[in-house]
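# pasting the structure only:
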């Protein structure tokens with residue numbers, strides 16, 4: 001009699017390679033979500049929610065309720081009235097003119113000085129590079145408010161040793177005059193940020209192939225030509241990124257004009273910059289709808305500047 005056929009045992013689906021790969025993918029997605037979800041939670045709480053709330057506030061105004069003014073105020077829908085009120089305000093429009101002139105002076109000075117110092121520190125003749133990196137970066141380590149107070153002290157007649165030295169040489173200078181207040185402000189902010197951006201440029205220069213620089217020197221290129229035609233184009237991405245961040249930061253200027261205004265500088269009023277206008281609308285006039293509308297327009301300007309700088313930078317890099 002023939003032996004019965006053995007029953008074929010099929011491997012369980014859970015033990016197949018396909019099932020193992022599926023479990024591995026699920027585990028990977030779970031681990032990725034574990035790290036990504038906290039970011040989105042913080043982003044929603046710190047960025048998205050305030051922006052949405054600002055948009056909502058910009059569409060409403062506080063108005064006196066009926067009843068001879070004894071009923072307090074009520075929030076009423078105003079549409080785009082806050083935006084039109086901000087744009088029709090002469091101080092708000094002039095604040096953008098002030099900040100445009102400030103950027104035209106500050107950005108070339110800061111970027112040019114930071115790039116020049118980075119090229120000098122990276123040059124073959126530089127000595128004590130670590131010392132100069134630290135020395136040039138130290139001003140950025142000083143908090144902006146403290147740095148502004150220190151420079152206000154150096155600008156003040158009767159207290160400033162700088163003015164005493166200028167007077168000893170037979171000259172005279174007024175840092176708070178209408179003709180010099182803008183350059184005084186540019187000097188203050190450039191002093192604080194030149195070292196920071198110099199470190200960024202210097203770090204980017206370390207990635208430039210030394211063989212390329214040596215080949216340029218062998219071909220007869222001098223130090224200046226090598227720096228401008230070899231090194232600077234090779235760090236174009238770092239330069240564009242720094243210009244982008246500088247533009248966005250410059251339009252948000254607040255601490256320096258605020259201190260100059262408190263110092264009593266006639267040409268720097270409480271609406272000198274867009275951020276000062278927003279501060280005044282919020283904390284002096286308590287017009288939060290107007291402040292929200294002005295903030296959104298300032299943010300839109302930042303986005304537009306980012307787009308323009310990025311497009312121009314890409315063209316420069318491709319050229």
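Yep, it's here. Since the model is a prediction, treat every value here as computed from it, not as a measurement.
# Please count neighbours and contacts with C-alpha atoms only from this point.
OK.
# Tell me where the stretch 51-200 of the chain has strands.
Assigned by DSSP state E, counting those that start in this stretch, the strands in the stretch 51-200 of the chain fall at 60-64, 73-77.
# Check those strands for me and report the most buried one.
strand 60-64 (a mean of 17; mean count of other CA atoms under 10 Å).
# now that one and strand 73-77, what's the angle there?
Relative orientation of strand 60-64 versus strand 73-77 (axes from the mean of the first three to the mean of the last three CA atoms, to 10 degrees): 140 degrees.
# What mean pLDDT does the top helix by length along the chain get?
In terms of residue count, the longest helix belonging to the chain (DSSP state H) is helix 90-122. Helix 90-122 shows a mean pLDDT of 91.
# cool, and stretch 182-197?
The average pLDDT for stretch 182-197 rounds to 90.
# Need the residues that contact it.
102, 105-106, 109-111, 113-115, 133, 136-140, 142, 144, 147-148, 151, 175-176, 242, 256-257 (CA atoms under 8 Å, 6 or more residues apart in numbering).
# go again using 7 Å as the cut-off
Stretch 182-197 has contacts (CA atoms under 7 Å, 6 or more residues apart in numbering) with 102, 106, 110, 113-114, 136-137, 139-140, 148, 151, 175, 256.
# okay if I get the strands of the stretch 51-200 of the chain as CSV plus distance to residue 120 and mean pLDDT?
As requested, those are exported to CSV (distance: least, CA to CA, whole Å; pLDDT from 0 to 100):
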stretch, distance to residue 120, mean pLDDT
strand 60-64, 54, 77
strand 73-77, 58, 78
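# Of these, which is nearest residue 312?
Closest of these to residue 312 is strand 60-64, at 37.9 Å (criterion: CA to CA).
# what does the closest one contact?
Contacts of strand 60-64 (CA under 7 Å, 6+ apart): 72, 73, 74, 75, 76, 77, 78, 79, 289.
# Pick out the most distant pair among the residues you listed.
72 and 79 (21.6 Å).
# With residue 112 as the reference, measure out to the spatially most central residue of the chain.
In the chain, the C-alpha nearest the mean C-alpha coordinate belongs to residue 249, at 3.4 Å (CA atoms, centre = their mean). Between residue 249 and residue 112 the distance is 17 Å, computed by CA to CA, to the nearest Å.
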